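Enquirer: Sequence and predicted structure below; questions after.
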Amino acid sequence: MNLERENTSSDKILVIFSILAFVVSQVDFIVGITLVGLCIIIVTLFNKKIVLNFSLTPLVIVFTIGIMGALINVNSPSFYNITKDISYFIRPIIIIYFGYIMGFYHATEDEIAIYKFIVICSILGAAMNLLNIIVNVQSVVTNFSFLNIRKVLGPSDDIMVLGFIVLIFYKKYYGKNLFSDRISKLFLMIFTINILISFSRTRILSFCLMAILFLLISPKKKIKMKTIITSLSVFFSLAGILLLFYSSMAQYFSFIDPFIDKIEHSLTEISAQSDWNDYTEIVHNWRGYEIYSAKYLLSSFTAVTKIFGAGFGTLIPVSHSDLVGVPLSDGGIILLHNGYYTMLIKTGIFGVASYITFFGLLIIKGFRCIRTNRFYSAILIAICMDILMNSYTTTGIFKSIYSFEMLIALGYMVWKVEHENNKCI
């Protein structure tokens, strides 16, 4: 009876913490990071112990290189742009560290809390997206297009995909639901609707990547390859059927034409090879144009600058920056839709190598911990693989709006696998 009361109390605290984390992620990122920083100070003072996390060293190196570059080129970038870059690059370090010390001070063998935290934060974001559709249903119906649906839906968060995956695979790994049957079914319905109407290629790709990773790491060794092959066969069969159906009934599905066009031209969109004298090409393949502009800037760097970058505050001189809401008078954009090229310009080859090393080492630690607990190892590996992939297709973790919850979960999982690996030594 006492155990039941304790679990109920813990669940209430977990829900409250999850809601607070979600709310913080929705506010201005400076306010959010300030709150997280205060939490770190309070927890450290309360426990009278400073926790060191050497796993973050590669990210600290990236940050340090950017700072040093800004000091060397102090007469070039503006102080405002340097400050923006500092905030973008230090933010994930602080939040990951926060997740790490939460794991350290939590110090329990029961990892269910972090799983529930991931799912609850995810469902809050997904529910918020669907609520936006309901509230703005008249606008959606009046201008029924995939672009308008995405605009009304609001931002899509990586944590939503991770929460969906955790909810699906928890039962496959542990043989029981993470929540009650009724709540699990409700959550699955919300997640499914959200990912279908998001029309996000990145989210769909992330979902497929994570699902394959969880299937590969699954304890059911005899059936996982068969399951993967069957799932892929079903997926491509359904995709083929839908494509044929779409072709014959295209006039009824014209609202998703732009989305179909984006899928068909995904590789072209991120390719730097195109006729950039054609304004139409720039509009349709903006990400490729950004890469082209970044490569052009990199070609003007000295050998030392290519290795260590030009420092924080460096702008990428992209013509027509007004297409992404940056006035032409600014002289360029501060972040690209490709995190690796952003780091190449600001922190050089050494910075990119440190970034990849950070996630690479975590993936190795995750695999080393598979025998102890396959599920949280799968979560850590999935988060790292997803971020590495999204750093190529989007800005990566160095931006103002990247998921607080995803970074907290990453920090917690880093502590968990290090804790378990240390016990095995």
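Expert: All right, it came through fine. Numbers count the residues shown, from 1 in each chain.
Enquirer: the strands in the stretch 301-425 of the chain, which residues?
Expert: Using DSSP state E, counting those that start in this stretch, no strands are found in the stretch 301-425 of the chain.
Enquirer: Low-confidence stretches in it?
Expert: Along the stretch 301-425 of the chain, segments meeting pLDDT under 70 span 328, 423-425.
Enquirer: ok, so what distance separates Lys116 from Phe164?
Expert: 14 Å (CB to CB, to the nearest Å). Bear in mind the C-beta positions are built from the backbone N, C-alpha and C, glycine included.
Enquirer: So between the two, which is more surrounded?
Expert: More crowded of Lys116 and Phe164, by other CB atoms under 10 Å: Phe164, with 27 against 21.
Enquirer: how much space between that one and Asn373?
Expert: According to CB to CB, Phe164 stands 20 Å off from Asn373.
Enquirer: How about Leu71?
Expert: For Leu71, the distance to Asn373 (CB to CB) stands at 44 Å.
Enquirer: Please apply the same query to Tyr170.
Expert: Going from Tyr170 to Asn373 by CB to CB gives 12 Å.
Enquirer: so what's the closest residue to Lys346 other than its chain neighbours up against?
Expert: Nearest residue to Lys346, sequence neighbours excluded (CB to CB, 6 or more residues apart in numbering): Gly309, at 4.9 Å. Contacts for Gly309 were tallied using CB atoms under 8 Å, 6 or more residues apart in numbering; they are 65-66, 69, 343-348, 350-351.
Enquirer: Let's see that with 6 Å instead.
Expert: For Gly309, the contact set (CB atoms under 6 Å, 6 or more residues apart in numbering) comprises 69, 346-348, 351.
Enquirer: before we move on, the earlier item: ok, Leu71 and Asn373, which is more surrounded?
Expert: Higher neighbour count among Leu71 and Asn373: Asn373, with 16 against 11, using other CB under 10 Å.
Enquirer: For Tyr115, see how far away the more buried one is.
Expert: For Asn373, the distance to Tyr115 - CB to CB - is 11 Å.
Enquirer: again, but for Leu407
Expert: For Leu407, the distance to Tyr115 - CB to CB - is 17 Å.
Enquirer: what's the answer for Met343, then?
Expert: 32 Å.
Enquirer: These two: who's more crowded?
Expert: Neighbour comparison, Met343 and Tyr115: the larger count goes to Met343, with 27 against 20 (by other CB under 10 Å).
Enquirer: ok, the more buried one - contacts?
Expert: By CB under 6 Å, 6+ apart, the contact list for Met343 reads 351-352, 355.
Enquirer: Can you list which of these are found in helices?
Expert: With helices defined by DSSP state H, the entries of those inside them are 351-352, 355.
Enquirer: what does stretch 157-166 contact?
Expert: The contact list for stretch 157-166, computed with CB under 6 Å, 6+ apart, reads 115, 118-119, 121-122, 125-126, 191, 203, 206-207, 210, 403, 405-406.
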